[in-house]
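Below are the sequence and a predicted model; questions follow.
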Amino acid sequence: MGIVLDPICRGWPECVQAIAATAISVDEGQKITFGAPMIVHTPHTVRNILLQREAPNFALLHNKCSLSPPSSPPSPPSSPPSPPSSPPSPPSSPPSPPLISAVPPLISAVPPLISAVPPLISAVPPLISAVPPLISAVPPLISAVPPLISAVPPLISAVPPLISAVPPLISAVPPLISAVPPLISAVPPLISAVPPLISAVPPHLRQPPPHLRQPPPHLRQPPPHLRQPPPHLRQPPPHLRQPPPHLRQPPPHLRQPPPHLRQPPPHLRQPPPHLRQPPPHLRQPPPHLRQPPPHLRQPPPPIFTILPSHHPPPLIITRWPDQPRSC
């Protein structure tokens, strides 16, 4: 079949390589026979080798399972190949065809497949309706490509300065690294110098004297006579708690105005009779002013004058009394 063992299998002994080659051949043959029973003829007793030798890894265990299924018949060992002069061994009886037994499951699997077709067909229109929005979204994406492409050269031109700035930074790292050990080596002397400095401080300066750690008892709290004010100052005296009775309300003569000021005098409550209405001669205009004179009620009739003219018809001149003469 043109199959080559993987590097792991090629590192095994030859007898174990035969087992792997047999397992791979069985797997590839089942793809051709569609899982039909197979009889494998090998020059070695592959089954006995698998039973006697423990599987060294997962691949050999897989080969053991594929070559030793519980339902498959044992693979008979074949004799070593005979020389060409020996007559060929009679072929074994062909196995029963398994295709007929596989037809009913295939037929029973057809109705579910047919019933699954309408949902698939009903799902096609939504997919087709979703295509135009996707197509309409393509031009904006395409139009966005040139700005992106035009932005690439500035980015590329900015790379060389960054690359040229890297070597100075890298060259500055070794001096910093070389400066670290002296600093680290200077730490222990500083730490070891702290106890002598602490021990050099005299005991009376490490802490304040006992009489200064806390204030004296007479200063921790104020004296009793200052904790609260004296009784005569806690509240005002009785004569100052409320105003005197004569100041709580105004005197009776000031609570309301006097009677003569509560309302205006009678002669001021209403105007005098002669001022309540206008006099009779002012209530209406005089009779000669109620209507206009007769000569103003209607305009006067026009005056018609017929004057001769050189061309007929005669010229008619109209003139109102209050207007100038016109032709």
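Sure thing, it's come through. Everything numeric here is computed off the predicted structure, so don't read it as measured data.

Which helix or strand lies directly C-terminal to whichever helix in the chain runs longest?
The helix that spans the most residues within the chain, counting by DSSP state H, is helix 138-200. Downstream of helix 138-200, the next assigned helix or strand under DSSP states H and E is helix 203-206.

ok, back up a step: what's the mean pLDDT across the longest helix of the chain?
In this model, helix 138-200 has a mean pLDDT of 92.

same thing with stretch 222-238?
Stretch 222-238 comes out with an average pLDDT of 80.

export that stretch as CSV, just CAs?
This file holds the C-alpha atoms of stretch 222-238, laid out as CSV (Å, rounded to 0.1, in the frame of the first residue of the first chain):
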residue,chain,number,x,y,z
PRO,A,222,-8.5,70.0,84.9
PRO,A,223,-9.3,70.7,88.6
PRO,A,224,-12.8,69.8,89.7
HIS,A,225,-13.9,73.5,90.0
LEU,A,226,-13.0,73.9,86.3
ARG,A,227,-14.6,70.7,84.9
GLN,A,228,-18.1,72.3,84.9
PRO,A,229,-19.1,75.9,85.4
PRO,A,230,-20.4,77.0,88.9
PRO,A,231,-24.1,76.4,89.6
HIS,A,232,-24.9,80.1,89.4
LEU,A,233,-23.6,80.2,85.8
ARG,A,234,-25.1,76.9,84.5
GLN,A,235,-28.5,78.7,83.9
PRO,A,236,-29.4,82.3,83.9
PRO,A,237,-31.1,83.7,87.0
PRO,A,238,-34.9,83.4,87.3
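
Got the confidence number for residue 45?
On the pLDDT scale, residue 45 gets 68.

next one: residue 252
For residue 252, the pLDDT comes out at 79.

how close does it get to residue 246?
Distance, residue 252 to residue 246, by C-beta to C-beta, to the nearest Å: 12 Å. Every residue, glycine included, has its C-beta placed from N, CA and C.

Same check on residue 232?
Distance from residue 232 to residue 246, by C-beta to C-beta: 26 Å.

Provide the count of other residues in contact range of residue 168.
If you count neighbours by other C-beta atoms under 10 Å, residue 168 ends up with 8.

Same check on residue 167?
Counted with other C-beta under 10 Å, residue 167 comes out at 9.

now do residue 29
Residue 29: 13 neighbours (other C-beta under 10 Å).

Now it: closest residue in space, sequence neighbours ignored.
Setting aside the residues directly before and after it, residue 29 is nearest to residue 38 in space (C-beta to C-beta, 6 or more residues apart in numbering), at 5.9 Å.

Is that neighbour part of a helix or strand, or is it coil?
Classification of residue 38 by DSSP: H, G, I helix; E, B strand; the rest coil places it in coil.

Pretty sure it sits against residue 28.
No - counting by C-beta atoms under 8 Å, residue 38 sits too far from residue 28 to count as a contact (10.9 Å).

between these two, which one's more packed in?
Between residue 38 and residue 28, counting by other C-beta under 10 Å, residue 38 is the more crowded of the two (15 against 11).

Now do the end-to-end distance for stretch 271-288.
For stretch 271-288, the separation between the terminal residues is 32 Å (C-alpha to C-alpha, to the nearest Å).

starting at the chain centroid, how far to it?
The chain centre lies 88 Å from the centre of stretch 271-288; the measure is C-alpha atoms, centre = their mean, to the nearest Å.

Repeat that for stretch 201-220.
Offset of stretch 201-220 from its chain centre (C-alpha atoms, centre = their mean): 63 Å.

go on, stretch 111-124?
On the basis of C-alpha atoms, centre = their mean, stretch 111-124 sits 39 Å off its chain's mean C-alpha point.

Quick one: mean pLDDT over it.
What stretch 111-124 shows for mean pLDDT is 89.

tell me which residues in that stretch are buried?
Neighbour counts over stretch 111-124 (16 or more other C-beta atoms under 10 Å) mark no residue as buried.

Need the CA coordinates for that stretch. PDB is fine.
Extracted C-alpha coordinates of stretch 111-124, given in PDB (Å, rounded to 0.1, in the frame of the first residue of the first chain):
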ATOM      1  CA  PRO A 111     -36.000   8.500   6.000                       C
ATOM      2  CA  PRO A 112     -34.200  10.600   8.700                       C
ATOM      3  CA  LEU A 113     -32.000  12.000   5.900                       C
ATOM      4  CA  ILE A 114     -35.100  12.900   3.800                       C
ATOM      5  CA  SER A 115     -36.800  14.500   6.800                       C
ATOM      6  CA  ALA A 116     -33.700  16.600   7.400                       C
ATOM      7  CA  VAL A 117     -33.900  18.100   3.900                       C
ATOM      8  CA  PRO A 118     -36.900  20.600   4.400                       C
ATOM      9  CA  PRO A 119     -35.200  22.300   7.400                       C
ATOM     10  CA  LEU A 120     -32.100  22.700   5.300                       C
ATOM     11  CA  ILE A 121     -34.200  24.100   2.400                       C
ATOM     12  CA  SER A 122     -36.100  26.500   4.700                       C
ATOM     13  CA  ALA A 123     -32.700  27.700   6.000                       C
ATOM     14  CA  VAL A 124     -31.600  28.700   2.600                       C
END
